[in-house]
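**Q** Return atomic coordinates for the entry below.
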Amino acid sequence: MKYFLSILLIYTIWISCMSSGATTEIHPELPQWSADLLNKDASWYHSVEAITIADHVILYQSPQGGWPKSTDLARKPRSIDDIPQPGSSVANTIDNDATTVPMQYLAKVISATGDQDYIKAFNKGLQYLFAAQYDNGGWPQFWPLRGDKYYSRITYNDGAMIRVMNLLRDVSKGEEPYAFVSDSDQKRAAKAIAKGLECILKTQIEEDGVLKVWCAQHDEQSYAPAWARAYEPPSLSGSESVGILRYLMSIDDPSPAVITAVKAGVSWLQSVAMTGTRLNRQKNEDGRTEAFLTSASDAPLLWARFYELGTDRPLYLDRDSEYRYDFSEISYERRSGYAYHGYWPEQLIYEEYPIWLSKL
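**A** Here you go, the predicted model:
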């Protein structure tokens, strides 16, 4: 009897472990969700791990077809409460790699497996992007629209709209991993990026007859540079403009308008590079990495994220939205939590742009 009970206990524990995911063969440890999952070897997208992640990704898709940001899509939601709902602060957006990266990931798994559930989810995401585009060609940060906040502005911030443009351009070509997309949707994607290009050219900022670059966000009605968050003012962007220029430089057989836009944008970026100023970073005891500037004659070229309209001066704002021109006046919380400076244009200006010019 004791022997029988022992066997029964061992079997019960084994069943419990199997159902709880305690064995790595059944429930392997999954990588965290990020755009890095797009860079795996082609064979990996056939794997159980890749397919499991894809199964989880489609669970987070909203009824409208978008995906949330700031969410680990690789992990299966424990309940409906783990899935951001439409109207929440993170759902239905193109911000922070949301929607576009899940669609790119699904396309790679579709190319490997042909799974119809993934195709259905991808196509639903595609319709979401088509529906979210303004008639003027721009994309808002969130759709469906959420009122008068900056969420409705045409959003170049953090590369949001350019990621959509790059995805739709690839879809329009009908090549792997998007060969499964219908001819009609390929044509719709081509029309969408044509409208998007018109928006890009119309939003390029011109001052005193000189074309410059773009703001991180633009008003969806007037195309004017617009406010985003409290520390992101209407301004000339030393960061987002680089992604826009890269997109323009990727266009085959560019029009005279595109060529003019690129040359003007690169010229402006060259003119506002900060010299003799070094960006330093220091990790403090609280775990934060603090940024500060020092003078150094041998410092590499540096760019500000924001330049003041009308003056081209590096511009700094804190959460109080007050204009400042001295980075040291910005609070520690922001200097350790936001990128006010970077080297974003360096490779574009000195490597990619000369190659682009030579091809013209």
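
**Q** got a list of contacts for the longest helix anywhere in the chain?
**A** When the chain is parsed with DSSP state H, its longest helix is helix 183-203. Residues outside helix 183-203 that contact it (CB atoms under 8 Å, 6 or more residues apart in numbering) are 123, 126, 129-130, 133-139, 154, 161, 164-165, 168-169, 171-174, 181, 214-215, 218, 223, 244, 247-248, 251, 257-258, 261. Every C-beta, even on glycine, is put in place using the N, C-alpha and C of the backbone.

**Q** same question, stretch 109-120
**A** Contacting residues not belonging to stretch 109-120 are listed as 42, 45-46, 50-51, 54, 58, 106, 122, 176-177, 179-180 [CB under 8 Å, 6+ apart].

**Q** where's that stretch relative to the chain centroid, distance-wise?
**A** 23 Å (CA atoms, centre = their mean, to the nearest Å).

**Q** Ok, stretch 331-351 next?
**A** Chain-centre distance of stretch 331-351: 16 Å, with CA atoms, centre = their mean.

**Q** quick one: contacts for the closest residue in space to S297 that isn't next to it in sequence?
**A** Residue nearest to S297 in three dimensions, not counting chain neighbours: G276, with 5.7 Å by CB to CB, 6 or more residues apart in numbering. G276 makes contacts with 295-297, 299, as judged by CB under 8 Å, 6+ apart.

**Q** ok, of those, which one's closest to Q282?
**A** For the contacts of G276, the closest approach to Q282 (CB to CB) belongs to A296, at 15.3 Å.

**Q** Y178 touches V171, doesn't it?
**A** Yes. In this structure, Y178 is within contact of V171 by CB atoms under 8 Å, at 4.8 Å.

**Q** now the strands: where do they sit in the stretch 51-200 of the chain?
**A** Assigned by DSSP state E, counting those that start in this stretch, the strands in the stretch 51-200 of the chain fall at 154-155.

**Q** so where's the protein uncertain?
**A** By pLDDT under 70, the low-scoring segments of the chain are 1-28.

**Q** again, only using 50
**A** Low-confidence segments of the chain (pLDDT under 50): 1-27.

**Q** Give me the contacts around stretch 328-341.
**A** Contacts of stretch 328-341 (CB under 8 Å, 6+ apart): 231, 239, 274, 279, 284, 288-293, 302-306, 316-319, 324, 327.

**Q** And those, which of them are buried?
**A** Among the contacts of stretch 328-341, the ones that count as buried by 16 or more other CB atoms under 10 Å are 231, 239, 274, 279, 291, 293, 302-306, 316-318, 327.

**Q** what's near enough to touch the nearest residue to N92 once chain neighbours are set aside?
**A** Spatial nearest neighbour of N92, excluding adjacent residues (CB to CB, 6+ apart): G66 at 3.9 Å. Going by CB under 8 Å, 6+ apart, G66 touches 91-94, 98-99, 125, 128, 132, 143.

**Q** can you tell me how far G66 sits from L37?
**A** As judged by CB to CB, to the nearest Å, G66 and L37 stand 19 Å apart.

**Q** in stretch 115-122, what's buried?
**A** Residues of stretch 115-122 classed as buried by neighbour count (16+ other CB under 10 Å): 115, 118-119, 121-122.

**Q** for stretch 265-278, same thing?
**A** Under the neighbour-count criterion of 16+ other CB under 10 Å, stretch 265-278 has 265-266, 268-269, 272-274, 277 buried.

**Q** Among these, which are located in helices?
**A** Using DSSP H, the subset of the buried residues of stretch 265-278 located in helices is 265-266, 268-269.

**Q** Between the two ends of stretch 290-305, how far is it?
**A** Distance between the two ends of stretch 290-305: 17 Å, counting by CA to CA, to the nearest Å.

**Q** Please apply the same query to stretch 170-187.
**A** End-to-end distance for stretch 170-187, by CA to CA: 12 Å.

**Q** can you check stretch 252-261 too?
**A** Stretch 252-261 has an end-to-end distance of 15 Å (criterion: CA to CA).

**Q** So which bits of that stretch are buried?
**A** Neighbour counts over stretch 252-261 (16+ other CB under 10 Å) mark 254, 258-259, 261 as buried.

**Q** From the residues you listed, pick the one nearest Q204.
**A** Of all those, A261 has the smallest distance to Q204: 5.6 Å, by CB to CB.

**Q** tell me the secondary structure for the closest one?
**A** Secondary structure assignment for A261 (DSSP: H, G, I helix; E, B strand; the rest coil): helix.

**Q** What are the neighbouring residues in contact with it?
**A** A261 neighbours (CB under 8 Å, 6+ apart): 200-201, 204, 211, 248.

**Q** repeat for D158
**A** With CB under 8 Å, 6+ apart, D158 has these contacts: 95-96, 216, 240.

**Q** how does it look with 10 Å?
**A** When contacts are counted by CB atoms under 10 Å, 6 or more residues apart in numbering, D158 is found next to 94-97, 141, 216, 228, 239-240, 243.

**Q** Generate a PyMOL selection restricted to the buried subset of the residues you listed.
**A** Command for PyMOL that selects the buried part of the contacts of D158, burial taken from 16+ other CB under 10 Å:
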select buried, resi 94+95+96+97+141+216+228+239+240+243
